[in-house]
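> Predicted model follows, preceded by the sequence.
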Amino acid sequence: MALSSGRVQVSCEFRGRMDVSMMPPDADQRVRRIWEYWCSLRPAPGRFPARRHFEPSAVPDLLPWLWLLDVERAPLRFRCRLVGTGHRDMMGREFTGRWADEVFPRFAETRAHVDFVAAAAGEPRWFRGVPDFAPATEYAGTERLVLPLAADGARIDLLLGVTLYRRDSGSLA
């Protein structure tokens, strides 16, 4: 499986001109759908959507794969506010209410950490590749999108993410 990752250039402008074409054409349609939904939530040009704008009933089939991380500053840390049941089942444990760096002791050395830090600075991130954290099941890869949310439209205080798991056969959960 090819490793791909990086900045998601989006058709909705936030900080600089970005274009959705940076997400590869073979990105999972569920990832694209949460991306498009997030873009539609923008309250005003140059502003980030807030949690209050996100309506879970708009994406009910994605709920098992969605997660929300609180962004704490000074020092920068991420607390699992909500983690979908699909993740609990894949990883074989519950994460809700726990700090990412406590759940994953080497978290600061992972690609996920890099992407979360970038998203906390206002940069949406997409990744496909070998998971940073081994699922408890037969999954060999992940596809992840991390999106910033801001209660005041400017200062990122929450990350919205979707992570899908790829089987050895190539199919996604």
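Okay, I see it.
> Kindly provide the whole-number mean pLDDT of the longest helix along the chain.
Using DSSP state H to define each element, the chain has its longest helix at helix 29-40. Mean per-residue pLDDT for helix 29-40: 91.
> Helix 29-40 and the helix or strand following it, what's the angle between them?
The first helix or strand that comes after helix 29-40 along the chain, using DSSP states H and E, is strand 66-72. Strand 66-72 and helix 29-40 are oriented at 50 degrees to each other (axes from the mean of the first three to the mean of the last three CA atoms, to 10 degrees).
> got the CA coordinates for the longest helix of the chain in PDB?
Presented in PDB, the C-alpha positions along helix 29-40 are these (Å, rounded to 0.1, in the frame of the first residue of the first chain):
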ATOM      1  CA  GLN A  29     -16.000   8.600  -0.300                       C
ATOM      2  CA  ARG A  30     -16.900   8.700   3.400                       C
ATOM      3  CA  VAL A  31     -13.800  10.800   4.000                       C
ATOM      4  CA  ARG A  32     -14.700  13.100   1.100                       C
ATOM      5  CA  ARG A  33     -18.200  13.300   2.500                       C
ATOM      6  CA  ILE A  34     -17.100  14.500   6.000                       C
ATOM      7  CA  TRP A  35     -14.800  16.900   4.300                       C
ATOM      8  CA  GLU A  36     -17.600  18.400   2.200                       C
ATOM      9  CA  TYR A  37     -19.900  18.500   5.200                       C
ATOM     10  CA  TRP A  38     -17.200  20.300   7.200                       C
ATOM     11  CA  CYS A  39     -16.700  22.900   4.400                       C
ATOM     12  CA  SER A  40     -20.500  23.500   4.300                       C
END
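> Show me what counts as buried in the strand or helix carrying Arg144.
Taking DSSP H and E as the definition, Arg144 sits inside strand 139-149. Neighbour counts over strand 139-149 (16 or more other CB atoms under 10 Å) mark 139, 141-149 as buried. C-betas here are computed from N, CA, C, even on glycine.
> If you average the pLDDT over it, what comes out?
The pLDDT scores in strand 139-149 average 87.
> Remind me what it packs against, helices and strands.
For strand 139-149, the elements it packs on are helix 29-40, helix 111-120, strand 125-129, strand 158-167, judged by 3 or more CB pairs under 8 Å, 6 or more residues apart in numbering; DSSP states H and E.
> which intervals of the chain have sub-threshold pLDDT?
Counting by pLDDT under 70, the chain shows low-confidence ranges at 1-22, 133-140, 168-173.
> In what element of secondary structure is Pro25 found?
Using DSSP H and E, Pro25 is not contained in any helix or strand.
> For it, list the residues it contacts.
Pro25 sits next to no residue when contact means CB atoms under 8 Å, 6 or more residues apart in numbering.
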